[in-house]
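**Student:** Just the structure for this:
(chains A and B)
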Amino acid sequence: AQSVTQPDIHITVSEGASLELRCNYSYGATPYLFWYVQSPGQGLQLLLKYFSGDTLVQGIKGFEAEFKRSQSSFNLRKPSVHWSDAAEYFCAVGAVGGSYIPTFGRGTSLIVHP
Amino acid sequence: NAGVTQTPKFRVLKTGQSMTLLCAQDMNHEYMYWYRQDPGMGLRLIHYSVGEGTTAKGEVPDGYNVSRLKKQNFLLGLESAAPSQTSVYFCASSRITSGQETQYFGPGTRLLVL
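**Tutor:** Residues are numbered from 1 along each chain as shown, chains lettered A, B, ... in the order given. The predicted model follows:
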């Protein structure tokens, strides 16, 4: 079965600084990988996803993520954080083929200082 | 399109009371899911449905029942609420589940069990 680890419970950055949120997965084959964002009091919204091709994936709101098979990682990045990016971020992994139910990490809370 | 909607948005129950949470989607999605979100635990799957009339258990199904009588609706029932079921409940849907499908989430239902 697949699993996801988000090592950082909280990340604090200053507005305008760069951001990297870590995600490590465990799965025996090439996985499908997702990043979702949850704004306070809201449901989750897809930021980006990877399932094949270019390992650098572009998403909405200026986010990108890079799939690194050798490190079993799918880290989320943004070059310049805005105050509105303060939210909870979830990494998820899905299995390739057949019926699958995605597994979510525990989330990383992003705090943005002015 | 309204997407995924959840009713009610907030509810307070006493221990032992019952209630039903309603999830509706207007995207003609086959798959629907119920998650609970607790601090530090991320999203945990309670039950899911792969189509009208079918349901299956997820990671934390105890104390909950579900029904999918209509394709667009997925109901989550608590027969005898317990304080441990205080949580935020999210419903999600996806077109199919091939591993790469995006999940669309509702805004959540906040449940407090006293």
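**Student:** Which residues are in contact with the residue nearest the centre of chain A?
**Tutor:** By C-alpha atoms, centre = their mean, chain A has its centre lying nearest to residue A:35, at 3.5 Å. Residue A:35 makes contact with A:21, A:23, A:46-49, A:59, A:63, A:65, A:74, A:76, A:89-92, according to C-beta atoms under 8 Å, 6 or more residues apart in numbering or on different chains. For every residue, glycine as well, the C-beta is placed using N, CA and C.
**Student:** So, low pLDDT: which residues of chain A?
**Tutor:** Along chain A, segments meeting pLDDT under 70 span A:95-100.
**Student:** do that again at 80, thanks
**Tutor:** A:1-2, A:28-30, A:95-101 (pLDDT under 80).
**Student:** Which residue comes closest to the residue nearest to the centre of chain A once chain neighbours are left out?
**Tutor:** residue A:47 (4.4 Å; C-beta to C-beta, 6 or more residues apart in numbering or on different chains).
**Student:** Wasn't that neighbour part of a helix?
**Tutor:** No: with DSSP: H, G, I helix; E, B strand; the rest coil as the criterion, residue A:47 is strand rather than part of a helix.
**Student:** That one is in contact with residue A:59, isn't it?
**Tutor:** Yes: under the criterion of C-beta atoms under 8 Å, residue A:47 makes contact with residue A:59 at 4.3 Å.
**Student:** tally of neighbours for residue B:2?
**Tutor:** Close neighbours of residue B:2, defined as other C-beta atoms under 10 Å in any protein chain shown, add up to 9.
**Student:** Can you give me every residue that contacts residue A:52?
**Tutor:** residue A:30.
**Student:** try 6 Å this time
**Tutor:** Residues near residue A:52 by C-beta atoms under 6 Å, 6 or more residues apart in numbering or on different chains: none.
**Student:** Residue A:41 versus the residue nearest to residue A:35, what's the distance?
**Tutor:** 18 Å (C-beta to C-beta, to the nearest Å).
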